[in-house]
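I need the structure of the sequence given here:
(one chain, ligands or ions: 2)
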Amino acid sequence: MPTHTSEKAILIISDGVGDRPIAALQGKTPLEAAKKPALNKLAKKGATGLLHILSPGIPPGSDTGHLSLFGYDPRDCYTGRGPFEALGAGLDLEPTDVAFRGNFATVNKAKDETFGVIDRRAGRNLPEGKQLANLINGLKVPNYPKIKVIVGHTVEHRCVVVLSGDGLSSAISDTDPHGHADSVLTSMPLDDTPEAKTTAQIVNELTREISRILTQSPVNAKRKKAGLLEANTVLLRGAGVLPEIPSLKEIYGISTACVAGGALYKGVARAVGMEVLTVPGATGSYDTNVEAKAKATANALKTHDFVFLHFKPTDSAAHDKDPQKKIAMIEKFDHMVDTLTGLIDMNHTHIAITGDHTTASTTGKHTGDPLPLLVVGPTIRDDEVSEFSERACAKGALGHILGMAVMPLLMNAIDRSPMYGA
Ligand code: ZN
Ligand code: ZN
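Ligands and ions are numbered 1, 2, ... in the order given. Presented below is the predicted three-dimensional model:
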C-alpha cells in the first residue's frame with residue numbers, strides 16, 4: 001500500500017503544443033489564443049520557463065523528444081523509432097532485435113524487377129490489416145532461415161516488423177521512399193560492418209518475400225475485385241534497437257506509470273520501465289476521452305510515485321495545418337488538466353507541464369522553437385508569470401533549460417534526485 005508521506009509527481013505532455021505566431025490569429029500562437037483557465041491558474045501558482053527539448057534550434061521527433069523529457073540523452077541511446085513502436089504495439093524485444101515501422105502499400109512490378117509505388121498507404125483504410133500481418137508474421141526469409149520475423153498490425157495501414165536473431169544491425173537504410181522516389185528502395189548498410197551488410201540483404205529479401213505472399217493472398221484478390229488498392233508490400237523505415245538505458249526506477253527509485261493513447265508514447269514509456277496502463281477511451285486521436293485519462297492518472301498516483309500523462313491531438317491539429325483545431329484541442333487539454341487537479345492532493349503532488357516539440361500550424365512540421373514549461377507544487381517558488389504560453393513563460397523564473405533537465409527538476413522537487421558529490 002502507498003504511504004501518504006511519499007510525495008508524487010506528474011509529467012503532462014501536450015504533444016507539439018508550441019507554435020509560431022499565426023497571421024490569422026493576429027500574430028498570436030494557438031496557445032496564446034486559446035482559453036486555458038486551468039493552465040493559467042497553475043502558471044500563476046508555479047514557476048515557468050522555456051524548454052529546448054534537444055538543444056536550441058534542433059527540431060525533435062516525438063521519440064527523441066520524449067526520451068529527453070524522461071531524462072535520457074537521445075544522442076547516446078537512440079537508433080531509430082522502430083523499437084518504440086514495437087514496444088507500444090505490445091511486442092517484447094530482445095536487445096539484439098532490430099525493429100521497424102512498416103506501411104502496407106500498393107506497388108506494381110516494373111520490368112527491371114523493382115517495385116513501383118502506387119500508394120504508400122494502400123488507400124490508408126485497411127480493415128484487413130490484422131489479417132495481412134498474420135499472413136506474413138513468422139515467415140522465413142529463404143536465405144536466412146535462422147532469422148525470426150515478427151509482424152504486428154497497429155492501426156490503419158501501419159504495422160511493426162521485428163527481425164530477431166544473431167548478427168543483426170540497425171545501421172541500414174529504409175525501403176520506404178517517403179514520397180521522394182517512386183519505387184521501393186533497396187536497403188543499404190549505413191556503416192562498414194558485416195552485420196549492417198547482412199541485415200540490409202535480409203531486409204531486401206524479406207521485402208520480396210512479403211510481396212510474394214501478399215500478392216497471392218485471397219485478401220488482396222478480394223480487394224482487387226472490389227476495386228480497392230491491393231496491399232501487396234510492406235515499406236520499412238526507422239530501423240532501431242532497444243536503447244540500453246537504466247529504468248527510471250533504477251535512477252530515482254520510483255515506481256512509474258504511463259497514461260497515453262498512441263503506440264509510440266507507450267513504447268518510449270515501456271523502454272524506460274514504466275507500467276503502461278490500459279485506459280478505455282484514450283485513443284490518441286481528436287476524440288480521446290480526457291476525463292477518463294485524468295481519472296486514470298489520479299488513480300495511478302495512488303499506487304505509483306510518478307505518472308506520465310500524454311495528450312496527442314495538439315500535434316495532430318498542427319500537422320493538419322489547422323490552428324483553430326489546435327486551439328480547440330488546447331482547450332480540451334486544459335479541461336483534462338482541470339479535471340486532474342480536482343482529483344489529486346495538490347499539497348503532496350508536483351506537476352510539470354510542457355510539450356515534446358513545437359509543431360508549426362503554418363508548415364505542419366516539427367520545429368526547433370522552444371516550448372513553454374510550467375512546474376507547480378508545494379516546494380516550487382512561484383514567479384511573476386500567470387499565463388501558460390510561449391511568450392509569457394519566456395519571462396519565467398526557470399529561464400531557458402534543456403529537455404533532459406525536466407525529470408531531474410521534478411525529481412528534485414519530490415526529493416528523489418540523487419546527490420551528485422558527497
Ligand atoms: Zn510529438
Ligand atoms: Zn508530430
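
give me the element the closest residue to ligand 1 within the stretch 301-422 of the chain is part of.
The nearest approach of the stretch 301-422 of the chain to ligand 1 comes at residue 356, 4.2 Å away (CB to the ion). Just so you know, the C-beta spots here come from the backbone N, C-alpha and C atoms, and that holds for glycine as well. Taking DSSP states H and E as the definition, residue 356 sits outside all helices and strands.

got a list of what it touches?
Residues near residue 356 by CB atoms under 8 Å, 6 or more residues apart in numbering: 13, 15, 16, 53, 60, 62, 65, 66, 69, 403.

Map the structural domains onto the sequence of this structure.
Split into domains by automatic domain parsing, the chain comes to 8-78+246-413, 87-240.

report the longest helix in the chain, please.
Identified as the longest helix of the chain according to DSSP state H is helix 194-216.

Next secondary structure after it?
By DSSP H and E, the next helix or strand past helix 194-216 is helix 218-225.

Compute the inter-axis angle for that next one and helix 194-216.
60 degrees (axes from the mean of the first three to the mean of the last three CA atoms, to 10 degrees).

buried sites along helix 218-225?
Within helix 218-225, the residues scored as buried using 16 or more other CB atoms under 10 Å are 219, 220, 223.

Equivalent analysis for stretch 123-143, please.
Across stretch 123-143, burial judged by 16+ other CB under 10 Å covers 123, 126, 128, 129, 132, 133, 135, 136, 137, 139, 141.

Of those, which belong to strands?
Within the buried residues of stretch 123-143, no residue falls in strands by DSSP state E.

Output the domains of the chain in TSV, with mean pLDDT and distance to ligand 2 appended to each entry.
Converted to TSV, the domains of the chain look like this (pLDDT from 0 to 100; distance: least, CB to the ion, whole Å):
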stretch	mean pLDDT	distance to ligand 2
domain 8-78+246-413	97	4
domain 87-240	93	14
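
Can you say which of those domains is packed in most?
domain 8-78+246-413 (a mean of 21; mean count of other CB atoms under 10 Å).

roughly how far is that domain from the heart of the chain?
13 Å (CA atoms, centre = their mean, to the nearest Å).

Now the residue of the stretch 1-150 of the chain found nearest ligand 1: phi and psi?
Scanning the stretch 1-150 of the chain for proximity to ligand 1 using CB to the ion identifies residue 62 as nearest, at 3.1 Å. When read as degrees, to the nearest 10, the backbone of residue 62 gives phi -70, psi -30.

again, but for residue 53
phi -60, psi -50.

who in the stretch 301-422 of the chain is up against ligand 1?
For the stretch 301-422 of the chain, the residues found near ligand 1 under the criterion CB under 5 Å from the ion are 315, 356.

need the contact list for the residue of the stretch 1-150 of the chain closest to ligand 1.
Counting by CB under 8 Å, 6+ apart, residue 62 touches 15, 16, 264, 265, 315, 356, 357.

Quick one: the residues you listed as a markdown table, columns for secondary structure and distance to residue 30 too.
Converted to a markdown table, the contacts of residue 62 look like this (DSSP: H, G, I helix; E, B strand; the rest coil; distance: CB to CB, whole Å):
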| residue | secondary structure | distance to residue 30 |
| --- | --- | --- |
| 15 | coil | 13 |
| 16 | coil | 10 |
| 264 | helix | 22 |
| 265 | helix | 21 |
| 315 | helix | 12 |
| 356 | coil | 16 |
| 357 | coil | 14 |
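
Which residue, other than its chain neighbours, is closest to residue 20?
residue 360 (4.9 Å; CB to CB, 6 or more residues apart in numbering).

which residues pair with that neighbour across the strands?
Beta-bridge partners for residue 360, by DSSP bridges, are residue 365.
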